[in-house]
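Asks: Have a look at this prediction, sequence included:
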Amino acid sequence: MRRSIATALTVATLIAGTVAAPAAFARTSTTQAYTCHYSVSGGKAYAGYYSGNTVIPSSTGVSSSGIEAQCLLKRAKFDPGTIDGVFGTNSKAAAKRFQTLMNNAFGYNIAIDGIVGQETWPALRWYADYNA
């Protein structure tokens with residue numbers, strides 16, 4: 001009797017997992033656009049998702065630092081594409097253009113690598129306020 005119940009539960013779980021899998025895949029493959037909620041404090045711009053200066057946005061998944069960096073790049077007039085929290089090709093290209101500008105126009109010495117990290121965050125926050 002116990003074996004029959006265990007077998008039935010296993011089959012039900014496998015069926016439920018098979019039915020649920022396509023729905024889960026569909027959710028992760030659609031792009032959600034986030035809204036930027038800008039504010040300024042101490043001459044630095046914020047978009048309401050991440051307030052630090054150390055976390056590097058992820059290129060493989062949605063992150064609050066990714067949304068923040070995309071919002072600030074957009075405010076600074078460096079189009080990162082869709083504000084979706086995934087720091088992909090468009091976002092990295094926008095970050096490289098921003099880093100180049102900061103080095104050439106303002107004398108920064110930021111690595112032009114498309115990574116928004118400890119060197120880029122403070123400049124991005126400042127410029128997103130300065131250029132708004």
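Replies: Noted; the coordinates are in hand.

Asks: A69 is in contact with F87, isn't it?
Replies: Yes - A69 lies in contact with F87 (CB atoms under 8 Å); the separation is 6.4 Å. Glycine gets a C-beta too; all of them are placed from N, C-alpha and C.

Asks: residue contacts, Q99?
Replies: 108, 110-114, 120 (CB atoms under 8 Å, 6 or more residues apart in numbering).

Asks: what comes up buried for stretch 50-61?
Replies: For stretch 50-61, a neighbour-count test (16 or more other CB atoms under 10 Å) marks 50, 53, 55-57 as buried.

Asks: and if you look at stretch 119-132?
Replies: By 16+ other CB under 10 Å, the buried positions in stretch 119-132 come out as 119-121, 123-129.

Asks: how about CSV for these, with pLDDT, secondary structure and distance to A76 added?
Replies: Output for those, formatted as CSV (pLDDT from 0 to 100; DSSP: H, G, I helix; E, B strand; the rest coil; distance: CB to CB, whole Å):
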residue, pLDDT, secondary structure, distance to A76
E119, 97, coil, 16
T120, 98, helix, 11
W121, 98, helix, 12
A123, 98, helix, 10
L124, 98, helix, 7
R125, 98, helix, 10
W126, 98, helix, 10
Y127, 98, helix, 5
A128, 98, helix, 5
D129, 97, helix, 9
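
Asks: Walk me through the domains of this protein.
Replies: 1-30, 39-130 (automatic domain parsing).

Asks: Which residue, other than its chain neighbours, is closest to A128?
Replies: What sits nearest to A128 in space, not counting adjacent residues and going by CB to CB, 6 or more residues apart in numbering, is A45, at 3.6 Å.

Asks: Thanks a lot, catch you later.
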